[in-house]
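# pasting the sequence and the predicted model now:
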Amino acid sequence: PFWLKVQFTVWGYVRTFSVGTPTDGGQTGSAPAWQRLPVRMTRLLAARGGSQDAAKPKAGPMRNNFTEDSAQGSRRVVHRRHSDGIMEIGRLSFSHVPKQDGNTYMGRTQRSCITGEIFVASRYNWPSFDLADLFTREHIHGCLRQFLEDNYLFFPVPMPYRTWIYHEAFLDNKVSSINGNPEHAMVQDVLGTRCIDVDVAAGRWSPIMCYAPMVLILCLTGDMVGVGVGIVLVLFLWFMSVNMNTRVLYCYLRIATLPMRLAFGGILGLQWASYSAFAQFFAAMVLLGILLDLIRGDLQELLCFRMNCSYEIVKALPERVFICRRHGASHLEHRFGWRGRVAESITGLGAWNNDFYLIADINGMLAELRPVRMEDMLGIHAEQCEHPRIFSFMGLKSFSFNCPTSGCLDVTTQAELTEVCKKFKQSLPPDSLLHEEEPDRCMGPDSSTSDFWSEAAQPKVQSPIGAAPAMVIETDF
């Protein structure tokens, strides 16, 4: 009947903009609505007695086989079922950032006494780089799989508070006497200081951020006594925030100001009965602000106290890279996830436990080095596809072909060092990213001479029978 055809047609349009059903086989559910429309309508016509040609869905526009448009917008999300293919096809190039002096940023970080944030106050621009490389090379180019298999590439994770403590110790001109290598005495002292390295607020901001606006609201109550006490409290909080903004006292700010803040709340409670209904509304807002400061500040500081930790230097690698063991904060991996495993060729350790860290001093900035992950490389590739830019890496140059592994640091003779380097080159995979930096593979053994470029190699070519010998000239630009 006609009414049934109309009903089927309307239902077809409604189903067009819905998610795919299991009968689709997953072919139309993931496509946009404007692509599912012809598929739905052709199937609907076939169900109503249309031709067989009309029942065949038309092919949609050509799309990338490894990425799909997400529902949030144009951001491309790579699914795990496509990761194997894109790891071979996707390619990235990284260039070395300009070299800077190792003490360029020493003493340049500061901590805001109000917000507790760490920032760099320097006339030099901090170089923007995406990766940190422990090997000595000037450029890196390859597919995503090669980046994952390279044990010398890491993601640098800044340690802002520990860097600030490092710079404060540098400005104090005091080097603690610690048993061990005197060259790393200051770094060893800073890493041994307990602080929170994860990216959490932990109540390290000043209470003046809540009490300064609360005093302005308190003025609307007309209580001169409460306003006067509030002004004195704000001045006291400002004085304490400025003078306790040091690497030793910053974590005790809330404890030192807690009695004065509680006394201010008690004074408002005593004045509550004398307020009018209009004044009580604004006084309630002030009391809620005090409660908010106690919950978001003092309580968070108490709950995050277990995240304080320190580090013990287990081994020092060349160019101020340190293998450390963490003391405290044993639950960080359960909350923030696994940080990866560093290769034994770099650490020289048979096992890499959860409490082991690889920390580097990058031009005066302390950063944790984490091995690259598949999710991170896929994200970089997706960013490169959408917003092309030049990626860069910071070369720490802890290892090279003359010292490729941590085992070279323990050899005593030149013969042993040569044998270790030889075994390292033989163990490299044929498609390793390190091959690009080998002189004999890039330029050839005689590339330094002028004859290498002036006289190209003449390959042997067999000429057809009865034809003149062919001469082939090979050029290499």
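Noted; the coordinates are in hand.
# Arg339 contacts Arg370, doesn't it?
Yes: in this structure, Arg339 is within contact of Arg370 by Cβ atoms under 8 Å, at 5.3 Å. For the C-beta atoms, the positions are set from N, CA and C on the backbone; glycine is no exception.
# wait, doesn't Ile208 sit right on Ser241?
Yes: at 6.0 Å, Ile208 counts as touching Ser241 under the criterion of Cβ under 8 Å.
# need the residues touching each of those two.
Residues touching both Ile208 and Ser241 (Cβ atoms under 8 Å, 6 or more residues apart in numbering): Ile114.
# without its sequence neighbours, what residue ends up closest to the residue nearest the centre of the chain?
Per Cα atoms, centre = their mean, the C-alpha nearest to the average position across the chain is that of Val157, at 5.7 Å. By the measure of Cβ to Cβ, 6 or more residues apart in numbering, the closest residue to Val157 outside its immediate chain neighbours is Glu368, 4.4 Å from it.
# that neighbour belongs to a strand, doesn't it?
Yes: secondary structure of Glu368 (DSSP: H, G, I helix; E, B strand; the rest coil): part of a strand.
# roughly how far does it sit from Ser432?
As for Glu368, its distance to Ser432 is 25 Å (criterion: Cβ to Cβ, to the nearest Å).
# and what of Ile118?
Counting by Cβ to Cβ, the gap from Ile118 to Ser432 is 38 Å.
# how far off centre is stretch 94-104?
Between the mean C-alpha location of stretch 94-104 and the chain-wide mean there is a distance of 19 Å, by Cα atoms, centre = their mean, to the nearest Å.
# distance between the ends of that stretch?
Looking at stretch 94-104, the gap from its leading to its trailing residue is 23 Å under the measure Cα to Cα, to the nearest Å.
# ditto for stretch 397-411
One end of stretch 397-411 to the other measures 19 Å (Cα to Cα).
# same deal with stretch 295-314?
Note: stretch 295-314 ends 39 Å apart using Cα to Cα.
# for the stretch 301-450 of the chain, give me the ranges with low pLDDT.
Counting by pLDDT under 70, the ranges of the stretch 301-450 of the chain that qualify are 436-450.
# try 50 this time
Using pLDDT under 50 as the threshold, the predicted model of the stretch 301-450 of the chain has low-confidence ranges 438-450.
# pretty sure Ala367 is touching Tyr357, no?
No: under the contact definition of Cβ under 8 Å, Ala367 does not touch Tyr357, with a separation of 10.6 Å.
# tell me the contacts of Gly226?
Listed by Cβ under 8 Å, 6+ apart, the contact partners of Gly226 are Leu218, Ile267, Leu268, Gln271, Ala283.
# what is the helix or strand where the last one lies packed up against?
If you go by DSSP states H and E, Ala283 is part of helix 277-293. Using 3 or more Cβ pairs under 8 Å, 6 or more residues apart in numbering; DSSP states H and E, the elements in contact with helix 277-293 are helix 208-218, helix 253-270.
# closest one to Asp133 among those?
Smallest distance to Asp133 across the helices and strands packed on helix 277-293 (Cβ to Cβ): 39.5 Å, for helix 253-270.
# which residues of the protein fall in strands?
In order along the chain, the chain carries the following strands (DSSP state E): 68-69, 76-77, 91-96, 109-111, 118-120, 131-135, 139-143, 153-158, 310-317, 321-327, 356-362, 365-371, 391-399.
# same question for the second one, mean pLDDT?
Strand 76-77 carries an average pLDDT of 44.
# over to the first one?
Averaging pLDDT along strand 68-69 gives 37.
# list the buried residues in the helix holding Ala283.
Residues of helix 277-293 classed as buried under the neighbour-count rule (16 or more other Cβ atoms under 10 Å) are Ala279, Phe282, Ala283, Val286, Leu287, Gly289, Ile290, Asp293.
# surely the fourth one meets Leu216?
No: with contact defined as Cβ under 8 Å, Val286 does not reach Leu216; the gap is 9.9 Å.
# what residues of stretch 228-248 count as buried?
Buried residues in stretch 228-248, counting neighbours by 16+ other Cβ under 10 Å, are found at Val229, Gly230, Leu233, Val234, Phe236, Leu237, Trp238, Met240, Ser241, Met244, Asn245, Arg247.
# quick one: it to chain centroid distance?
Averaged over its C-alpha atoms, stretch 228-248 has a centre that lies 35 Å from its chain's centre (Cα atoms, centre = their mean).
# repeat that for stretch 406-414.
Shown here is stretch 406-414, whose average C-alpha point lies 33 Å from the average C-alpha point of the whole chain (Cα atoms, centre = their mean).
# for it, how far is the first residue from the last?
Across stretch 406-414, the straight-line distance between its terminal residues is 15 Å, by Cα to Cα.
# same check, this time on stretch 93-100
Per Cα to Cα, the first residue of stretch 93-100 is 22 Å away from its last.
# please apply the same query to stretch 333-352.
Chord length of stretch 333-352, first to last residue, is 14 Å (Cα to Cα).
# buried residues in it, which are they?
Residues of stretch 333-352 classed as buried under the neighbour-count rule (16+ other Cβ under 10 Å) are Arg339, Val342, Ile346, Thr347, Gly348, Trp352.
# show me the contacts for the last one.
Right, Trp352. Contact analysis of Trp352 by Cβ under 8 Å, 6+ apart lists Arg341, Val342, Glu344.
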